[in-house]
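> Got a predicted structure here, sequence first:
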Amino acid sequence: MSLRNTAILVVLIAIALAGGLVYRLYDGGEPSAAGATGHDSATPGAAAREDGVVSYDEDWHSGDGRATELAAEDEEDEDFEAYLQAIDEYDRRREEPEANGSDNDMASRLIASIGGRTPGTASAVRGGGGATDEDKERTPQQDRAAAMREADRMVRDARQAIALGNYAEAAEMLKESLELNPHDRDAYRSLANVYQKLGLTEEAGLVYEDWIAQRPNDATPYYQQAKRLQSQGRNEDALAYLQTFQQLTRDELSSYPMAASMYRKLNMKAEERTQLQTWVSQAPDSVAARNSLAKFYMRNGNKQAAVAEYQTVAGLTPENASAYRNLAGAYQAARMYDDAANALVTAMDLQPGNMAFPLQLGDLYRRTRQFDAALQTYYSVIHDAPDSTEAARARRHIARIERQMK
């Protein structure tokens, strides 16, 4: 081995030790009872590891870091649309330089100090090729910057491999990148997702623990651990991670819907309500917050409270036809039928071409046995959009009414 190769190897070993991580190869084994974070067994770090596949806005695939991360399991439930939006915002803010800690800032300063020079291949970092005078003059700080650039390149290449379905190859690149830069949250997130796609759920859990160990003030891995543990039915462990997440994100607006979504899965209705109410109190003009709270009230039988929230939403967005349709649904659930009809008429005025609104109005009339009004409304749907799915439904309802009136 040449003198230059030996020197570079020594530098890289020193970098790994300075980063505080001799990265595990994720053989599927469980950490010790103290957990990867060094906490005792009563702390979230001691909970066992497993995870569900996360796809949110596919931040794992795009590398954008969206907690679109945190919400794939929620995407089938329309009630969580607002939650997902807040999760996106949370992770976006987490990935801003000031939220990422000093590592990215340090790397930027070091890269700038050497004129943005980047190695052409991995061998440029690892010592391949003959030593030049320029190489001999490199400082440890410059080597550190080069290593971080190489880690970034590996993450980019891994994303391309993921897009092509080459998950095993991507996993190896991501592990190597983390050996060079053990503080890269995007690499951790992508690696965990890759392991999920490979069916290596235990390894994915270990990735979250290493992420926590290297970035203990980053709330995202705690939330992900909570999600996956809950998906296994390990609710007590999930709750411990969720509570740590909340401690780390105290007063962050986007954390309230995220916590609420987890409390809903844990069937902790009082806690879910508290999170949603706090969200509304902190952002009283947020349509997403009020819609989410209204849906909570609807699911749990508090129709009048749901009406109040939807009324506020309609007041905040008077040109939004869907706001009036939601309000009509709450009115109808509360047996306020005249108010429901008026809200639907307003929605129809705002979107005259949307046949869903008059169809819903016809259904309201039919269920309240106002058959003449229902028939008139259904016939208008058929006249205005004869080939639509709404027209087909209107014809079926007309036939049903005619049978009832015989």
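Cool, got the structure.

> for stretch 152-172, how far is the first residue from the last?
End-to-end distance for stretch 152-172, by CA to CA, to the nearest Å: 14 Å.

> Return the set of buried residues in it.
Within stretch 152-172, the residues scored as buried using 16 or more other CB atoms under 10 Å are 152-155, 157-159, 161-162, 167, 169-172. Every residue, glycine included, has its C-beta placed from N, CA and C.

> Same check on stretch 377-390?
Burial within stretch 377-390, assessed by neighbour count using 16+ other CB under 10 Å, is assigned to 377, 378, 380, 381, 382, 385, 390.

> Closest one of the residues you listed to residue 258?
residue 390 (36.1 Å; CB to CB).

> Look at that closest one and report its pLDDT.
For residue 390, the pLDDT comes out at 96.

> Please name the residues that touch it.
355, 356, 358, 359, 381 (CB atoms under 8 Å, 6 or more residues apart in numbering).

> ok, now which ones touch the closest residue to it other than its chain neighbours?
The shortest distance from residue 390 to any non-neighbouring residue, by CB to CB, 6 or more residues apart in numbering, is to residue 355 (3.8 Å). When contacts are counted by CB under 8 Å, 6+ apart, residue 355 touches 381, 384, 385, 388, 390, 391.

> And the last one, how close does it get to residue 272?
According to CB to CB, to the nearest Å, residue 391 stands 40 Å off from residue 272.

> Look at these two and report which has more neighbours.
Taking other CB atoms under 10 Å, residue 391 and residue 272 do not tie; residue 272 has more neighbours (23 against 18).

> where does the protein have low pLDDT?
Within the chain, the segments meeting pLDDT under 70 span 1-137.

> what's the closest of the buried residues of stretch 152-172 to residue 198?
residue 167 (5.3 Å).

> That closest one touches residue 199, doesn't it?
No. At 9.9 Å, residue 167 does not count as touching residue 199 under the criterion of CB atoms under 8 Å.

> picking that back up, how about the buried residues of stretch 377-390, which pair is most distant?
Farthest pair in these, by CB to CB: 377 and 385, 13.0 Å.

> which SSE is residue 383 in?
Element membership for residue 383 (DSSP states H and E) is helix 371-384.

> Point out the other helices and strands that that helix packs with.
Here helix 371-384 is seen to pack against helix 356-367, helix 389-405 when contacts are counted using 3 or more CB pairs under 8 Å, 6 or more residues apart in numbering; DSSP states H and E.

> hang on, the earlier thing: I'd like the buried residues of stretch 152-172 as a markdown table, with secondary structure and distance to residue 191 appended.
Formatted as a markdown table, those follow (DSSP: H, G, I helix; E, B strand; the rest coil; distance: CB to CB, whole Å):
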| residue | secondary structure | distance to residue 191 |
| --- | --- | --- |
| 152 | helix | 15 |
| 153 | helix | 16 |
| 154 | helix | 11 |
| 155 | helix | 9 |
| 157 | helix | 13 |
| 158 | helix | 8 |
| 159 | helix | 11 |
| 161 | helix | 12 |
| 162 | helix | 10 |
| 167 | helix | 10 |
| 169 | helix | 12 |
| 170 | helix | 8 |
| 171 | helix | 6 |
| 172 | helix | 10 |
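
> Make JSON lines from those residues and add distance to residue 364 to it.
Converted to JSON lines, the buried residues of stretch 152-172 look like this (distance: CB to CB, whole Å):
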{"residue": "152", "distance to residue 364": "57"}
{"residue": "153", "distance to residue 364": "60"}
{"residue": "154", "distance to residue 364": "59"}
{"residue": "155", "distance to residue 364": "54"}
{"residue": "157", "distance to residue 364": "57"}
{"residue": "158", "distance to residue 364": "54"}
{"residue": "159", "distance to residue 364": "50"}
{"residue": "161", "distance to residue 364": "54"}
{"residue": "162", "distance to residue 364": "48"}
{"residue": "167", "distance to residue 364": "51"}
{"residue": "169", "distance to residue 364": "57"}
{"residue": "170", "distance to residue 364": "53"}
{"residue": "171", "distance to residue 364": "54"}
{"residue": "172", "distance to residue 364": "59"}
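
> Just flag the most distant two among these.
152 and 167 (20.1 Å).

> if we can go back for a sec, specify which member of the contacts of residue 390 is nearest to residue 321.
The closest of the contacts of residue 390, once distances to residue 321 are taken by CB to CB, is residue 356, at 9.6 Å.

> Find the nearest non-adjacent residue to the closest one, please.
Nearest to residue 356 is residue 390, by CB to CB, 6+ apart, at 6.3 Å.

> Check the gap between that neighbour and residue 353 for me.
Distance, residue 390 to residue 353, by CB to CB: 11 Å.

> now swap in residue 346 and tell me
Taking CB to CB, one finds residue 346 at 15 Å from residue 353.

> if we can go back for a sec, with respect to residue 313, which of the contacts of residue 355 is nearest?
Distances from residue 313 to the contacts of residue 355, taken by CB to CB, are shortest for residue 390, at 24.4 Å.

> ok, residue 169 - contacts?
Shown in contact with residue 169 (CB under 8 Å, 6+ apart): 158, 161.

> picking up where we left off before, which of the contacts of residue 390 sit farthest apart?
356 and 381 (9.5 Å).

> Specify the local secondary structure of residue 301.
Here residue 301 is recorded as coil under DSSP: H, G, I helix; E, B strand; the rest coil.

> Count the residues that sit near it.
Neighbours around residue 301, by other CB under 10 Å: 9.

> which residues touch it?
Contact analysis of residue 301 by CB under 8 Å, 6+ apart lists nothing.

> any idea how far residue 333 is from it?
Relative to residue 333, and taking CB to CB, residue 301 is found at 9 Å.

> Just say which of the helices and strands packed on helix 371-384 is most tucked in.
Among the helices and strands packed on helix 371-384, ranked by average contacts under mean count of other CB atoms under 10 Å, first place goes to helix 356-367 (a mean of 21).

> Which strands or helices does that helix pack on?
When contacts are defined as 3+ CB pairs under 8 Å, 6+ apart, helix 356-367 packs onto helix 321-333, helix 337-350, helix 371-384, helix 389-405.
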